[in-house]
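1. Turn this into a model:
(2 chains)
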Amino acid sequence: MSEAVLQPAADTVAGLLQARLGPGCVHQNTVDGIPTVWIPESRIVDALTYLKTGIDRPFNLLFDLSAVDERLREHRAGLPQADFTVFYHLMSLDRDEDIRIKVGLSGEFPHVDSVTGVFANANWYEREAWDMFGITFDGHPNLTRILTPPLWEGHPLRKEHPARATEMDPYKMTQEFQDAQQESLRFDPAEWGMTAHAAHTDFMFLNLGPNHPSVHGVFRIALQLDGEVIIDAVPDIGYHHRGAEKMGERQSWHTYIPYTDRIDYLGGVMNNLPYVMAVEMMAGIEVPPRAQYIRIMLAELFRISSHLVFYGTFAQDVGQMSPVFYMFADRERLFSIIEAITGGRMHPSWFRIGGVCQDLPEGWDTMVRDFVDYMPARMDHYEKMAMQNSILKQRSVGVGQYSTEEALEWGITGPSLRATGCDWDLRRKRPYGGYDQFDFEIPVADGGDVYDRARVRIEEIRQSLRIIRQCVDNMPSGPYKATHPQTTPPPKERTMQDIETLIHHFLNVSWGPVVPPSECCMMIEATKGWNSYYLTSDGGGMSYRTRIRTPSFPALQMIPLISNGFMIADLIAIIASIDFVMADVDR
Amino acid sequence: MEVAFIMILPVLLGAVLGAAMLIWWERRLLGFWQDRPGPNRVGPFGLLQIVADVIKLFTKDDWVPPFSDRVIFTLAPTAIVAGMLMGFAVVPFGPGLAIIDLNIGVLFFLAMTSLAVYGVLLGGLASNNKYSLLGGLRSAAQMVTYEVFMGLSIMGVVILTGSFNLSEIVRAQEETWFVIPQVLGFAVFVIAGIAEAHRLPFDLPEAEHELTAGFHTEYSAMKFGLIMVGEYLSVILTSAMTVTLFLGGWLGPDFLPPIVWFSIKTGLFICFFVLLRASIPRPRYDQLMSLGWKILLPITLINLLATGAIVLSMEGAA
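-> Take a look at the predicted model:
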């Protein structure tokens, strides 16, 4: 609870930070148990530098950075006065610890010092915070719009910005407006930090995307080329921005679930998981074991589905035509299972606060078992067809390489991190939702190149199959939904027998559940890396702030670092190996 | 050396219809290998798919980009098809069954396929599009390179026959097909042939995953259709030449007429082309170049030297 402000022990990181910064630190208690420290805004660079370099086993991963518009928040007793809060979620893999630093800012359009000098990946996160909230980060090298178009007016995540079309005047597009928009799209190398000439060459600028067969969605990269060699690559995102975080503030806790499916649209119910787990943690709901197993089984099925798409398109992007067809056929088999269980295919929206939507249908175990028996032989086949192909190896080994340190500096997580030799898998290190009951290995590679990123994902498919088999073998019996009153929709069996259940049912179905004022961040090992939902409840039926941290967003920011100096064909292989989804980037 | 005018029409029709059929056949075959049906809706077995495609291409808006070099842009697809069709003039489909039995048939074939390269190159340049430009650049480097090996790889056959005449070459294979003594030349010729036809795995000038459609990005309607037909013509021509030069041409047991043998061999070789497309990834541009200059060139030269030395020593012995 936010009012319970505590004093940390001196040997904890929060205590060390307090000793370093002196008075002025406020410690906030959050449901997720992550030490949360409010520090004076002038000390932010100092504090992050200290945490990154000044202590042993440092916090070297800036996991997330965003802001909260605090102006309409009612339940914030004990917290420092602030109109806006910028929060910095740091992680130390060596300590297996997190810390959340917050700075409270006052004023209509406040300023805070940029931390891009401390963490490289803060660049895009700060641009996003500026774009969404109008908070200026002093000292940021390129504080421009990132998700909204260049001429967008307003900052969408501010509370005064309309969230529905009905709150706005009818939309009109004048000729001047259209001309201005067109004009703003004119390419000027200087705006992108590129020069047109060098001592002996004129460079060519190639606009790759937003509509290009290999950028997997609407993603644009401006390339500065010398022949076919890439001098500089500047990614441009925002073409898939739908305001998912803003929608979270106007949907009930329950009705937001379908929106999460569409964040990483290849991940299906995997997206529901961190969201419903965060809500459950805030509401204090215990999920019954059967529901946990069902969730894990479906999440792993979707991991396979997502990795199969990765595998096929990866092979296709290096010019191998056939694998994608075989893998999509396998994915189709998988979807027929998903369909039998959930009724949906890509976006089942099937997890519920407190459990899952329905119990498993009759005969589900035969279907799943058949699939689990069928896949390993196929994987061997693909291994021979694609991964052992010498041309594919030539195209991918040693291309787009980065080290563990670089990965952490840029916020790379998940399989792309494990391809560099770091064995951090949240399912193993922080077993959530019942993963501690499963026996599986964490595939790791040590090259950190395109080939290894593919290698790790392919091995993960086999491990997911293992987990799914254990789900089938050990599926517990019992309810598939918690009996907690906030479970939505609540179990219906007893609604006609006692008035209390009927009232809960009626309220939860008509209004949706009310979650007590609290903050909670839940992160999971999603298909593409670490995905977290940081929810703030102000005691209402809707979220006060929904922060979605996705693995794809920081991955794209790193493209220039790993592709400069390579050729266009390598860039395509690198893009394919990142395994991103534009909806996951732009949200 | 007379021109058999009566042959011109059948060969032209055969080649163009064959190329059109090949579009359907390739898609069906790829479908078969990729666990999917392929085009099977229009007419029996989807055979009328080509007709539908041609009607579609003819009725599409034939857009010439205002920023392009209109004349060259329009001529380029024609050059591709014309070059390939000319190449068919010297192919001996059976004994005496060629439009013209040139005594420099091999050279004529090489010259005509080189002409088609101009089409690709100029089409890419005239489009005035950066992707086309990159495609054009790649094709210039790739095709000029592989032209060299293509020519050199056939020279072994020429040495063994002592003639540039294609019918002579076929007749010289009555004992053994040249694929056996000239296995290296055969391998290089096939690789160079794929590169000439710029098909996967050597489709770098197009490389849709990198350059959208490469040199023909800006082409639409029947100009695009011509480029497609040109590509398939070159597949047929390369297959026909491989059969002629290395696989005994029309030769075969007597129970089938020679032209049928020729067609069967060519057809099988075309299927091999499609299979390659279905199975192999695309190397990078510089890797393709280094494969050419560092591996294929020495192989062809060694092959040429060895063939020459053996022929000379046998003549010396005789």
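
2. Sketch out the low-pLDDT regions of the chain for me.
-> Went with chain A since none was named. Within chain A, the segments meeting pLDDT under 70 span A:1-6, A:10.

3. nope, chain B
-> Low-confidence segments of chain B, defined by pLDDT under 70: B:1, B:204-210, B:317-318.

4. For chain A, what is the nearest residue in it?
-> Closest contact between chain B and chain A, by CB to the nearest CB, is at residue B:282 (2.5 Å). The way it works is simple: take the backbone N, C-alpha and C, and place the C-beta from them, glycine included.

5. Quickly check: the longest helix that chain B contains near chain A or not.
-> Assignment by DSSP state H gives helix B:130-161 as the longest helix of chain B. Yes - for helix B:130-161, a contact with chain A is found by CB under 8 Å from any CB of the partner chain, at B:130-131, B:134, B:137.

6. List the buried residues for that helix?
-> B:130-143, B:145-161 (16 or more other CB atoms under 10 Å in any protein chain shown).

7. same question, stretch A:399-418
-> A:399-402, A:404, A:406-418.

8. can you check stretch A:48-58 too?
-> Of the residues in stretch A:48-58, those buried by neighbour count under the rule 16+ other CB under 10 Å are A:48, A:50-52, A:58.

9. Relative to the whole chain's centre, how far out is that stretch?
-> Averaging C-alpha positions (CA atoms, centre = their mean, to the nearest Å) puts stretch A:48-58 25 Å from its chain's average.

10. near chain B, which residues of the stretch 301-450 of chain A?
-> Going by CB under 8 Å from any CB, the residues of the stretch 301-450 of chain A near chain B are A:315-322, A:325-326, A:329, A:385-386, A:389, A:391-392, A:394-395.

11. Mark which of those residues are buried, thanks.
-> Using 16+ other CB under 10 Å as the burial test, these include A:315-322, A:325-326, A:385-386, A:389, A:391-392, A:394-395 as buried.

12. before we move on, back to that, if you tally nearby residues, what's the number for the residue of chain B closest to chain A?
-> Look at residue B:282: counted by other CB atoms under 10 Å in any protein chain shown, it has 27 neighbours.

13. Counting only helices, which of the residues of the stretch 301-450 of chain A next to chain B make the cut?
-> Among these, the ones falling in helices (DSSP H) are A:315-317, A:325-326, A:329, A:391-392, A:394-395.

14. What is the nearest of those to residue B:190?
-> Closest approach between those and residue B:190, by CB to CB: residue A:391, at 16.4 Å.

15. Select from the buried residues of stretch A:399-418 every entry located in strands.
-> Using DSSP state E, the subset of those located in strands is empty.

16. Could you measure from the residue of the stretch 401-550 of chain A found nearest chain B over to residue A:266?
-> Residue nearest to chain B within the stretch 401-550 of chain A: residue A:450 (12.0 Å; CB to the nearest CB). Per CB to CB, to the nearest Å, residue A:450 is found 19 Å from residue A:266.

17. roughly how far is stretch A:483-492 from the heart of the chain?
-> Centroid displacement of stretch A:483-492 relative to its chain, using CA atoms, centre = their mean, is 28 Å.

18. Now do the same for residue A:242: helix, strand or coil?
-> coil (DSSP: H, G, I helix; E, B strand; the rest coil).

19. Near it, how many other residues are there?
-> The number of residues packed around residue A:242, counting by other CB under 10 Å, is 14.

20. any chance you could read off phi and psi for it?
-> Main-chain dihedrals, residue A:242, degrees, to the nearest 10: phi -120, psi 0.

21. try residue A:356
-> Residue A:356 adopts backbone torsions of phi -130, psi 170, taken as degrees, to the nearest 10.

22. what residues are up against it?
-> By CB atoms under 8 Å, 6 or more residues apart in numbering or on different chains, the contact list for residue A:356 reads A:291, A:294-295, A:298, A:350, A:480-481.

23. Residue numbers of chain A in contact with chain B?
-> With the criterion set to CB under 8 Å from any CB, chain A comes near chain B through A:204, A:206-207, A:212-214, A:227-228, A:315-322, A:325-326, A:329, A:385-386, A:389, A:391-392, A:394-395, A:567-570, A:572.

24. just checking, the residue of chain B closest to chain A touches residue B:195?
-> No - here residue B:282 does not reach residue B:195: they are 11.7 Å apart, not a contact under CB atoms under 8 Å.

25. shared neighbours of those two, which are they?
-> residue B:202.

26. Skipping its backbone neighbours, what lies nearest whichever residue of the stretch 251-400 of chain A sits closest to chain B in space?
-> Relative to chain B, the nearest point of the stretch 251-400 of chain A is residue A:319 (2.5 Å; CB to the nearest CB). Closest residue in space to residue A:319, ignoring its immediate chain neighbours: residue B:282 at 2.5 Å, by CB to CB, 6 or more residues apart in numbering or on different chains.

27. Could you check how far residue A:23 is from residue B:61?
-> 74 Å.

28. Surely residue A:508 and residue A:489 touch.
-> Yes - the pair residue A:508 / residue A:489 is scored as a contact, 6.1 Å apart, by CB under 8 Å.

29. what about the two, which has more around it?
-> Higher neighbour count among residue A:508 and residue A:489: residue A:508, with 23 against 17, using other CB under 10 Å.

30. Could you list the residues of the stretch 151-300 of chain B in contact with chain A?
-> B:200-201, B:203, B:207-212, B:277-287.

31. now with 7 Å?
-> Residues of the stretch 151-300 of chain B lying near chain A by CB under 7 Å from any CB of the partner chain: B:200-201, B:208-210, B:212, B:277-287.

32. What subset of these is buried?
-> Here, 16+ other CB under 10 Å leaves B:200-201, B:208-210, B:212, B:277-285, B:287 buried among these.

33. How is chain A divided into domains?
-> Domain ranges of chain A: A:4-138, A:244-484+A:522-530, per automatic domain parsing.

34. now, of the ones you listed, which is deepest in the fold?
-> Ranked by mean neighbour count under mean count of other CB atoms under 10 Å in any protein chain shown, the domains of chain A are led by domain A:244-484+A:522-530, which reaches a mean of 21.

35. May I have the beta-bridge partners of the residue nearest to residue A:294 when sequence neighbours are not counted?
-> Closest residue to residue A:294 apart from its sequence neighbours, by CB to CB, 6+ apart: residue A:356 at 5.1 Å. Per DSSP bridges, residues listed as beta-bridge partners of residue A:356: residue A:351.

36. Which secondary structure state is assigned to residue A:260?
-> helix.

37. my guess is residue B:201 is in a strand, correct?
-> No - counting by three-state DSSP, residue B:201 falls outside a strand, being coil.

38. so how far is residue B:281 from it?
-> Using CB to CB, residue B:201 is found at 6 Å from residue B:281.

39. What segments of the stretch 201-350 of chain A are helices?
-> Under the criterion DSSP state H, counting those that start in this stretch, helices of the stretch 201-350 of chain A are mapped to A:244-248, A:257-261, A:272-283, A:289-317, A:323-342.

40. err, the stretch 451-587 of chain A, not the other one
-> With DSSP H, counting those that start in this stretch, the ranges of helices along the stretch 451-587 of chain A come out as A:499-510, A:552-557, A:559-563, A:568-578, A:582-586.

41. between the ones you listed, which one is nearest to residue A:149?
-> Across the helices of the stretch 451-587 of chain A, residue A:149 has its closest neighbour in helix A:582-586 (12.1 Å, CB to CB).
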